[in-house]
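S.K.: Mind looking at a prediction? Sequence and model below.
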Amino acid sequence: EGDSWRLSDRTEAPDSWSNENMTVALEDGRLWMLARSRQGRLWQCFSEDRGETWGEVTPSEITNPSSRFFIGRLQSGRLMLINNPTESGRDPMDVWLSEDDGETWPRRATLLQGATIAYPDAVQDDSGLIHCVVDVDRERVEHRAFTEDAVVG
């Protein structure tokens, strides 16, 4: 219930500079951890015991320029990834949706482009509207609100 905490098994990424990880629960009960790296891809590993232990760290298929990303589950059950989908540079910032727990990301839309866009974070409100904030050009934070339908098309 969050009253006490203890350190679980740790995992080491092969990349000496991996950080800003996020973890999402998959429908099969596993946890999927993604972390940024300098390798042009997000690193990944899985836990089958609620984070007690973690499997091998491997590169994912998700292109990323070593920038912070956001991943979370929406009310519909889809996974949503907000990410710079390039191996270098932080433009554009895209929203991806997956209906198969991240195996594929067929639904994509550009959230913002034409600047250095970084550090996304998001939440879905009770009405289903998704609110996302991003850092733009290291000068300001911008808010974007959208629905899943806007990404699905």
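M.R.: Happy to help now that I have it. Since the model is a prediction, treat every value here as computed from it, not as a measurement.
S.K.: can you give me the helices for the chain?
M.R.: 148-152 (DSSP state H).
S.K.: low pLDDT regions in it?
M.R.: Applying pLDDT under 70 to the chain picks out residues 13-18.
S.K.: go with 90
M.R.: Applying pLDDT under 90 to the chain flags the ranges 1-2, 4-20, 37-39, 152-153.
S.K.: for it, what spans make up the strands?
M.R.: 19-25, 31-36, 41-47, 58-63, 70-73, 79-83, 93-98, 107-112, 117-124, 130-136, 140-146 (DSSP state E).
S.K.: Format these as JSON lines; extra columns: distance to Thr11 and mean neighbour count.
M.R.: To be clear about C-beta, it is placed using only N, CA and C from the backbone, and glycine gets the same treatment. Converted to JSON lines, the strands of the chain look like this (distance: least, CB to CB, whole Å; neighbours: other CB atoms under 10 Å):
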{"stretch": "strand 19-25", "distance to Thr11": "10", "mean neighbour count": "15"}
{"stretch": "strand 31-36", "distance to Thr11": "8", "mean neighbour count": "21"}
{"stretch": "strand 41-47", "distance to Thr11": "5", "mean neighbour count": "21"}
{"stretch": "strand 58-63", "distance to Thr11": "11", "mean neighbour count": "14"}
{"stretch": "strand 70-73", "distance to Thr11": "17", "mean neighbour count": "18"}
{"stretch": "strand 79-83", "distance to Thr11": "21", "mean neighbour count": "24"}
{"stretch": "strand 93-98", "distance to Thr11": "23", "mean neighbour count": "22"}
{"stretch": "strand 107-112", "distance to Thr11": "29", "mean neighbour count": "16"}
{"stretch": "strand 117-124", "distance to Thr11": "24", "mean neighbour count": "18"}
{"stretch": "strand 130-136", "distance to Thr11": "28", "mean neighbour count": "19"}
{"stretch": "strand 140-146", "distance to Thr11": "32", "mean neighbour count": "12"}
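S.K.: Sweet, I'm off.
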